[in-house]
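Trainee: attaching a predicted model along with its sequence, questions to come.
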Amino acid sequence: MTNILIFGHKNPDTDTICSSIVYNNLKRIQGMDTEAVRLGEINDETRYALEHFNVFEPRLVEEVAEGQQVILVDHNEFQQSVNGIEKAVIREVIDHHRIANFETAAPLYYRAEPLGCTATILKKIYEEQSVHIDKQMAGLMLSAIISDSLLFKSPTCTQQDIEAATDLANIAEIDVNVYGLEMLKAGTNLGNKSEDDLIDLDAKSFPMGGANIRIAQVNVVDPEELLARREALEESMRTANAVNGYDTFVFVITNILTSVSTVLVVGEHLDKVASAFNASYTDGLLTLPGVVSRKKQVVPPLTVVFEG
Ligand code: MN
Ligand code: MN
């Protein structure tokens, strides 16, 4: 049995999967008995990256036993982690998120940096520990940075992320703009997904001033394709509100080519949501130019309005 499991968060994205693989590679080079695993299904964007660089999907793990040694990447909050995390032994955390709902019994190595991507931190660790970055690992780290930064357009993206990506693109011999757009586009193939899937692909719940707000986001290159299914999407959102007790469902459709988000809102507090963005509804839709980051541009203004 493998000694130490390395994984990212549930609903895995490209950074979570690639960072698990890349950190596992470093640990194994250093002689540690580690294995990269995943906590959920691989999405189409991540699959594109893994296939492009000929890397196998990590094994699926849904629960860990008491005493299992683990290394967390790209997350720390227990509700985003593996089932059983409370009883696991957390050896390390490498992350770029806020720290919340996190506690350990024993000392650990914890590295958090306010950068745009976990993979940017991992590249620094490779360099600090003088471990060679091969083409495959460079490609995976580059893919993670492209994904988390939406090809450097997200306000979460820092100068360090851009510089790391430039180095990695050279090592991987990749044209970052050409490859990046192809990879992001691979994740926008939504035609084969049901409305229920679409509103749950990348969704998180946020308690705000006594209200329970659900915020989902999808990336697209053609918002009209999704908006043609608007009635069915709103029906799914209404049902989700009723079943799960959400007060408001906010569904953000982000055009990765233009950096414009189109927002569907279902439930209570419609006016509050519009005022958070200083916007008004046109045909029941909010149009938000330049808004691409839920973490930095959607959650904070909503929190202000709901808690103000
Ligand atoms: Mn992530
Ligand atoms: Mn990340």
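Mentor: Yep, that arrived. Quick caveat, the model's predicted, so the values are computed rather than measured. Ligands and ions are numbered 1, 2, ... in the order given.

Trainee: beta partners of the nearest residue to residue 105 once chain neighbours are set aside?
Mentor: Distances taken as C-beta to C-beta, 6 or more residues apart in numbering place residue 89 nearest to residue 105, at 8.0 Å, with adjacent residues excluded. To be clear about C-beta, it is placed using only N, CA and C from the backbone, and glycine gets the same treatment. Per DSSP bridges, the residues bridged to residue 89 are residue 69.

Trainee: how about the helix or strand where residue 145 lies: buried residues?
Mentor: Element membership for residue 145 (DSSP states H and E) is helix 135-149. By neighbour count on 16 or more other C-beta atoms under 10 Å, the buried set for helix 135-149 is 136-149.

Trainee: one more: stretch 249-263?
Mentor: For stretch 249-263, using 16+ other C-beta under 10 Å, the buried residues are 249-257, 259-263.

Trainee: helix, strand, or coil at residue 183?
Mentor: What DSSP: H, G, I helix; E, B strand; the rest coil gives for residue 183 is helix.

Trainee: residue numbers of the stretch 101-250 of the chain in contact with ligand 2?
Mentor: 118, 148 (C-beta under 5 Å from the ion).

Trainee: check contacts around the residue nearest to residue 105.
Mentor: By C-beta atoms under 8 Å, 6 or more residues apart in numbering, the contact set of residue 89 is 67, 68, 69, 70, 105, 106.

Trainee: quick one: the helices in the stretch 201-308 of the chain?
Mentor: Ranges of helices within the stretch 201-308 of the chain are 223-227, 230-244, 270-276, 299-307, based on DSSP state H, counting those that start in this stretch.

Trainee: could I get those in CSV, plus columns for mean pLDDT and mean neighbour count?
Mentor: Converted to CSV, these look like this (pLDDT from 0 to 100; neighbours: other C-beta atoms under 10 Å):
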stretch, mean pLDDT, mean neighbour count
helix 223-227, 94, 16
helix 230-244, 98, 16
helix 270-276, 97, 17
helix 299-307, 94, 17
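
Trainee: okay, those in JSON lines with distance to residue 43 next?
Mentor: Formatted as JSON lines, the helices of the stretch 201-308 of the chain follow (distance: least, C-beta to C-beta, whole Å):
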{"stretch": "helix 223-227", "distance to residue 43": "16"}
{"stretch": "helix 230-244", "distance to residue 43": "19"}
{"stretch": "helix 270-276", "distance to residue 43": "27"}
{"stretch": "helix 299-307", "distance to residue 43": "21"}
